[in-house]
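Undergrad: Sequence and predicted structure, then a few things I'm wondering about:
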Amino acid sequence: MPFPNVRMRRLRKTERLRGLSRETVLDPGDFIYPLFVCPGTGVKNPISSMPGCYQMSADLIAEECEEIEELGIPGVILFGIPEAKDAVGSHGYAADGVVPRAIRQIRDQVPGMLIIADVCMCEYTDHGHCGVIRDGDVDNDPTLELLSKAALCYAEAGADVVAPSDMMDGRVAHMRRTLDEAGRQDSVILSYAVKYASAFYGPFRDAAESAPQFGDRRAYQMDPPNIREALREAALDIEEGADMIMVKPALPYLDVLNRVKAMSPVPVGAYNVSGEFSMIHAAAEKGWLDLKRTSHEMLVSIKRAGADFILTYFAKDVARDLRS
C-alpha cells in the first residue's frame, strides 16, 4: 500500500511509540565487565589509554564486583598482571597467582557473581607471546599443556567459566579433557573461537602489559579479511566441546558475528574491545561525538548483529544509564 496511506514515521513520533516498536533492547544482563588484576593490596592504577579503567589488586577487584552486581551486570572476566614473567608464563597457572587470588576473594565477597577467567600466556610470558617459543615461533602443542594447567588452576580457585583466548589449534579439546579428568565436568569453556589479529587491541596491551617483545601475533590470530575461516574456527571449537564461543573484536566484524550466530548451536558472545572503547572516548573528549549516545548505539549494533552477551568496558556506565 503506497504513500500516503503508509507513513513509516508514525511509529517514530514519540519516545513511547519508538519504545513499543523497538526491535533490539539493551539490558545490563547482556554485559560482562573486563577487569585487570595486579599484585598488592589497595592498588588502583589508572590505565592512561582507557579512561575510567584501572589495574586493581584483588581486594579492590572484589569491591568493584559488589558495585557491578548492584548494577545488574551478571559477571566479570579477569585478566592478570603477574608479579613476575618468564619464558613459559608460570605465574599464569600458579595457585597463588593474581587471578586465582582475585577469584577466591570475589567468591567470598560476592558469591553470586559469574566469574570468567581469561586463559592465555601473553600476560605472563617475558616475550609477550601466547605460548611456548621454539625457533622464533609459538609451538602449538606444548602450549596446550600450559593453557590447560591454567584453566584447571582457575576452575579450582572458583571460576565458573574459563575462556581460552590464545588461538592455538586443539586447545578446547585439550582443556575439556583436562578439566573432566580432574572432576571439573561442570566448568564452562567460553572459547575465543574467532579472534582476529586486530589493530583495535592497542589499549588492552597497555592495560595487561602484554605487548609482544618481537614480531606480532598474525601467525596464530586470524587474518581480518577472512570470514569462511571464522566459520570453520567456530565449528571446530564447538565440536571440541566449547559451551559458548566469542567473536573478537565486535564492531569491525559485525558481519562475522551475524554469520557465526546463524550457524552456532551454542551461545555467541562478542568482545567490544579496548580500541573501540578508547576511540569513542577520545572523540567524545574532542567534542566530536556524544559519549552516551554513541556507546549505546554501538552496543545495540553488536546485540542486533547477534550477540547473546557482550564483553564491554562500557558495561557499568551503560548499566547506570539503563537504570536511570
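TA: Noted; the coordinates are in hand. Numbering: from 1, shown residues only.
Undergrad: can you give me the helices for the protein?
TA: 15-20, 58-70, 98-109, 140-157, 171-181, 202-208, 228-240, 254-263, 274-285, 291-305, 315-323 (DSSP state H).
Undergrad: of all the ones you listed, which lies closest to residue 191?
TA: When the helices of the chain are compared by Cβ to Cβ, helix 228-240 sits nearest residue 191, at 4.3 Å. Where C-beta positions appear, they are placed from N, C-alpha and C, glycine not excepted.
Undergrad: roughly how far is the closest one from the heart of the chain?
TA: Relative to the centre of its chain, helix 228-240 is centred 18 Å away, using Cα atoms, centre = their mean, to the nearest Å.
Undergrad: and that helix with helix 171-181, angle?
TA: 10 degrees (axes from the mean of the first three to the mean of the last three Cα atoms, to 10 degrees).
Undergrad: pull the helix or strand with minimum mean pLDDT from the chain.
TA: Here the helix or strand of the chain ranked lowest by mean pLDDT, DSSP states H and E is helix 202-208, holding a mean of 87.
Undergrad: other SSEs contacting that one?
TA: Contacts defined by 3 or more Cβ pairs under 8 Å, 6 or more residues apart in numbering; DSSP states H and E place helix 202-208 against strand 75-80, helix 274-285.
Undergrad: sorry, back to before: which of the helices of the chain has the lowest mean pLDDT?
TA: Of all those, mean pLDDT reaches its minimum on helix 202-208 (a mean of 87).
Undergrad: returning to that earlier point: tabulate the helices of the chain (TSV), appending distance to residue 125 and mean neighbour count.
TA: Shown next, in TSV, are the helices of the chain (distance: least, Cβ to Cβ, whole Å; neighbours: other Cβ atoms under 10 Å):
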stretch	distance to residue 125	mean neighbour count
helix 15-20	49	10
helix 58-70	22	19
helix 98-109	15	23
helix 140-157	10	22
helix 171-181	16	20
helix 202-208	12	21
helix 228-240	23	18
helix 254-263	28	18
helix 274-285	20	19
helix 291-305	31	18
helix 315-323	28	18
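Undergrad: got the ones you listed as TSV, with distance to residue 165 columns?
TA: Converted to TSV, the helices of the chain look like this (distance: least, Cβ to Cβ, whole Å):
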stretch	distance to residue 165
helix 15-20	37
helix 58-70	19
helix 98-109	13
helix 140-157	10
helix 171-181	10
helix 202-208	11
helix 228-240	12
helix 254-263	16
helix 274-285	13
helix 291-305	18
helix 315-323	18
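Undergrad: To residue 48, which of those lies closest?
TA: Proximity to residue 48 (Cβ to Cβ) singles out helix 202-208 among the helices of the chain, at 7.0 Å.
Undergrad: hmm, who's touching the closest one?
TA: 36, 47-50, 53, 55, 79-81, 122-123, 210-211, 273-275, 277-278 (Cβ atoms under 8 Å, 6 or more residues apart in numbering).
Undergrad: Is it possible to mark the buried ones in these?
TA: Among those, those scoring as buried are 36, 47, 49-50, 53, 55, 79-81, 122-123, 210, 273-275, 277-278 (criterion: 16 or more other Cβ atoms under 10 Å).
Undergrad: circling back: got the CA coordinates for the least confident helix or strand of the chain in PDB?
TA: Extracted in PDB, the C-alpha atoms of helix 202-208 (Å, rounded to 0.1, in the frame of the first residue of the first chain):
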ATOM      1  CA  GLY A 202      46.400  -1.500  21.400                       C
ATOM      2  CA  PRO A 203      45.000   0.000  24.600                       C
ATOM      3  CA  PHE A 204      44.400  -3.500  26.100                       C
ATOM      4  CA  ARG A 205      48.100  -4.300  25.600                       C
ATOM      5  CA  ASP A 206      48.900  -1.300  27.700                       C
ATOM      6  CA  ALA A 207      46.400  -2.400  30.400                       C
ATOM      7  CA  ALA A 208      47.500  -6.000  30.500                       C
END
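Undergrad: if I look at residue 303, how far off is residue 283?
TA: 22 Å (Cβ to Cβ, to the nearest Å).
Undergrad: ditto for residue 272
TA: Distance from residue 272 to residue 283, by Cβ to Cβ: 16 Å.
Undergrad: Of all the helices of the chain, which one comes closest to residue 128?
TA: Closest among these, using Cβ to Cβ: helix 202-208, at 8.3 Å.
Undergrad: from memory residue 69 sits against residue 114, does it?
TA: No: checked against Cβ atoms under 8 Å, the pair residue 69 and residue 114 is beyond contact range at 9.7 Å.
Undergrad: Mutual contacts of the two, please.
TA: Joint contacts of residue 69 and residue 114 (Cβ under 8 Å, 6+ apart) do not exist.
Undergrad: follow-up on the earlier one: of the helices and strands packed on helix 202-208, which is nearest residue 215?
TA: Among the helices and strands packed on helix 202-208, helix 274-285 sits nearest to residue 215 (Cβ to Cβ), with 20.0 Å.
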